[in-house]
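Engineer: here are the coordinates; sequence isn't available:
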């Protein structure tokens, strides 16, 4: 058992760039994306086509991350895709965990569907952290991530295209959570962009 945990720590924390792991994550994220787009079918049907690319936040995040895993497997990675994909799965993973947890704390029943969503979004957050710690971040990638986060928050909360919430009283929590996560990720990316060259010099 101890050997298993050592192996798991090595895989997840120290060396996630193993082909089987990359393929597994790519498959899980892309298959999950398909279900996510199906989950958004009613909202997409009510949304003008021009805004479809920025409406299904979580499925888009997992699609980007799945593509990043495929490129990692092929050893043809894109730093810009990695940066946006990691920010996306971390932000929308945490956002959904907070919103669903608030829904449960308000007295709503804990069902299989919401539990599955909670666990899958927690997994999104974890995978983003696991890989981002190994990925360098440049200033240009930091700028792209900030713009991407800002545009998504503007579309979601200024134009009213945020994901459907679980209860009517969650609007303020959804907005505050999204903005706080965007700011926190932006600061983290800035810190990494500034400090990564120093790490390489050591």
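Structural biologist: Nice, thanks for sending it over. From a predicted model like this one, the values you see are computed outputs, not experimental measurements.
Engineer: what's in contact with stretch 96-113?
Structural biologist: Outside stretch 96-113, the residues that touch it by CB atoms under 8 Å, 6 or more residues apart in numbering are 58, 114, 117-118, 121-122, 125, 165-167, 169-170, 173-174, 177. (C-beta placed from N, C-alpha, C; glycine too.)
Engineer: Now do it: distance from first to last residue.
Structural biologist: For stretch 96-113, the separation between the terminal residues is 13 Å (CA to CA, to the nearest Å).
Engineer: For PyMOL, write the select line for the buried members of the contacts of stretch 96-113.
Structural biologist: Here is the PyMOL selection string for the buried members of those, based on 16 or more other CB atoms under 10 Å:
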select buried, resi 58+114+117+118+121+125+166+170+173+174+177
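Engineer: Farthest pair within the contacts of stretch 96-113?
Structural biologist: 125 and 169 (24.1 Å; CB to CB).
Engineer: Kindly indicate which of the contacts of stretch 96-113 lies nearest residue 2.
Structural biologist: residue 122 (25.5 Å).
Engineer: what helix or strand is the closest one on?
Structural biologist: helix 112-132 (DSSP states H and E).
Engineer: And for residue 111, the neighbour number?
Structural biologist: Here the number of neighbours of residue 111 (other CB atoms under 10 Å) works out to 10.
Engineer: meant to ask about residue 128, not that
Structural biologist: Residue 128, neighbours per other CB under 10 Å, totals 23.
Engineer: Also the one 3 residues further on?
Structural biologist: For residue 131, the count of nearby residues is 22 (other CB under 10 Å).
Engineer: what pLDDT does it get?
Structural biologist: On the pLDDT scale, residue 131 is placed at 95.
Engineer: got it, and the one 10 residues further on?
Structural biologist: Reading off the per-residue confidence, residue 141 sits at a pLDDT of 96.
Engineer: which residues touch the closest residue to it other than its chain neighbours?
Structural biologist: Spatial nearest neighbour of residue 141, chain neighbours left out: residue 83 (4.0 Å); criterion: CB to CB, 6 or more residues apart in numbering. Residues in contact with residue 83 (CB under 8 Å, 6+ apart) are 135, 137, 141-142, 144-145, 189.
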